[in-house]
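In: I need the structure of the sequence given here:
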Amino acid sequence: MVWRSAYSSGVPRPLMRGVAHGIIGLKIIQAPEGIDGMHRVGQIDGESAKTLMAPYLIWRVRKKPRLRLMMVATCGGCICSAFLHCVPWGQRNWEQRALTIDFIGICAGLTGHIFSWEWDLQGFYSKILAGAALLNCLLYTVVLLCKLYQEQEMLVALRGFSGMQLGLQLAMLVAAQRRMRTMPRVLASIGPPLALAYFRRFGAFDAEESGPLPVLAGVWSPHEWYHLMVASVHATQLSELHKIEAPEKEKI
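Out: Sure thing, here's the model as predicted:
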């Protein structure tokens, strides 16, 4: 794996960087089935061989639009990260573009989650929340593209106004999750901020410590732990939305 051993800046790239993102993206969309009774999707339609095919799962599981949107948003964000970390970008400008796509993918994923909860747009609160999330995502995209055009360092740019925009999107997602049961809502609300705090302290590009969780030099780092933390939150969100959206007779 020498061909992808480092980023264009020369910073080492752990073996599981990007690989873990892709695996999480493909497996997390099985959460509604896996958590709700460990029921295999293939048993629903008799084609168990297709249980590992992410696109198939996205469009076939339950055939519920809100759940499908959340699956696409979750998987899409992970794929953007895998695209950034797995491709051996030889030039800095191309790597910066991939970083921009990754950051936009994160914000778009949060927006997709918000719309999954506010799907019916019933009531003034729901419409305002969904509209604000969409507007913030569009503004975030424009700002990042402008910074990319100005050749700013994207990792540093995310700590300014764009970082606050991303934080606002996360806050709106927490507000949209009001339909969840109490304990899952608590996990889904405090999980992302705690994971982000962990990442900022131990997983960021300029972090000076590796943190309390075990790491394996050249293979596994705090960055991968951060994505596992976020994955557990996504699994909770998917499971809860599945329970809310599926009719009682279809629940496992």
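In: is it true that residue 191 touches residue 229?
Out: Yes: shown here, residue 191 and residue 229 form a contact pair, counting by C-beta atoms under 8 Å, at 6.7 Å. (C-beta placed from N, C-alpha, C; glycine too.)
In: where in the protein is pLDDT low?
Out: 1-5, 9, 26-63, 246-252 (pLDDT under 70).
In: what about the helices in it?
Out: 19-28, 31-35, 42-45, 54-60, 65-86, 92-117, 124-149, 154-157, 161-176, 182-198, 222-245 (DSSP state H).
In: gap between the two ends of stretch 206-216?
Out: With C-alpha to C-alpha, to the nearest Å applied, stretch 206-216 spans 18 Å between its terminal residues.
In: from the middle of its chain, how far away would that stretch be?
Out: Averaging C-alpha positions (C-alpha atoms, centre = their mean, to the nearest Å) puts stretch 206-216 22 Å from its chain's average.
In: in it, what's buried?
Out: Neighbour counts using 16 or more other C-beta atoms under 10 Å place 211, 215 of stretch 206-216 among the buried residues.
In: then stretch 224-238?
Out: For stretch 224-238, the neighbour count (16+ other C-beta under 10 Å) marks 224-227, 229-238 as buried.
In: got the residues you listed as TSV, with distance to residue 133 columns?
Out: Conversion of the buried residues of stretch 224-238 to TSV gives the following (distance: C-beta to C-beta, whole Å):
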residue	distance to residue 133
224	28
225	28
226	23
227	23
229	23
230	18
231	22
232	23
233	18
234	17
235	22
236	20
237	15
238	19
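In: between the residues you listed, which sits nearest residue 71?
Out: Using C-beta to C-beta, residue 238 is the member of the buried residues of stretch 224-238 that sits closest to residue 71, with 7.0 Å.
In: my guess is the closest one contacts residue 67. True?
Out: Yes: in this structure residue 238 lies within contact range of residue 67 using C-beta under 8 Å: 7.1 Å.
In: got the contact list for stretch 226-237?
Out: 20-21, 24, 28, 31, 34-35, 70, 74, 78, 81, 113, 177, 180, 184, 187-188, 191-192, 194-196, 198-199, 203 (C-beta atoms under 8 Å, 6 or more residues apart in numbering).
In: gap between it and the chain center?
Out: For stretch 226-237, the distance to the chain centre is 8 Å (C-alpha atoms, centre = their mean).
In: for stretch 103-120, same thing?
Out: That offset, for stretch 103-120, works out to 10 Å (C-alpha atoms, centre = their mean).
In: please enumerate residues in contact with it?
Out: 65-67, 69-70, 72-74, 76-77, 79-81, 126-127, 129-130, 133-134, 136-137, 140-141, 144, 154, 158, 162, 165-166, 169-170, 172-173, 176-179, 237, 241.
In: convert that stretch to CSV, retaining C-alpha atoms only.
Out: Extracted in CSV, the C-alpha atoms of stretch 103-120 (Å, rounded to 0.1, in the frame of the first residue of the first chain):
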residue,chain,number,x,y,z
PHE,A,103,-16.7,18.9,3.8
ILE,A,104,-19.6,19.6,1.5
GLY,A,105,-20.6,15.9,1.8
ILE,A,106,-20.7,16.2,5.6
CYS,A,107,-23.0,19.2,5.5
ALA,A,108,-25.2,17.7,2.8
GLY,A,109,-25.4,14.5,4.9
LEU,A,110,-26.6,16.5,7.9
THR,A,111,-29.1,18.3,5.7
GLY,A,112,-30.4,14.9,4.5
HIS,A,113,-30.8,13.7,8.0
ILE,A,114,-32.8,16.9,9.0
PHE,A,115,-35.1,16.4,6.0
SER,A,116,-35.6,12.7,7.0
TRP,A,117,-37.0,13.9,10.3
GLU,A,118,-38.9,16.8,8.8
TRP,A,119,-40.1,14.9,5.8
ASP,A,120,-43.8,15.9,5.9
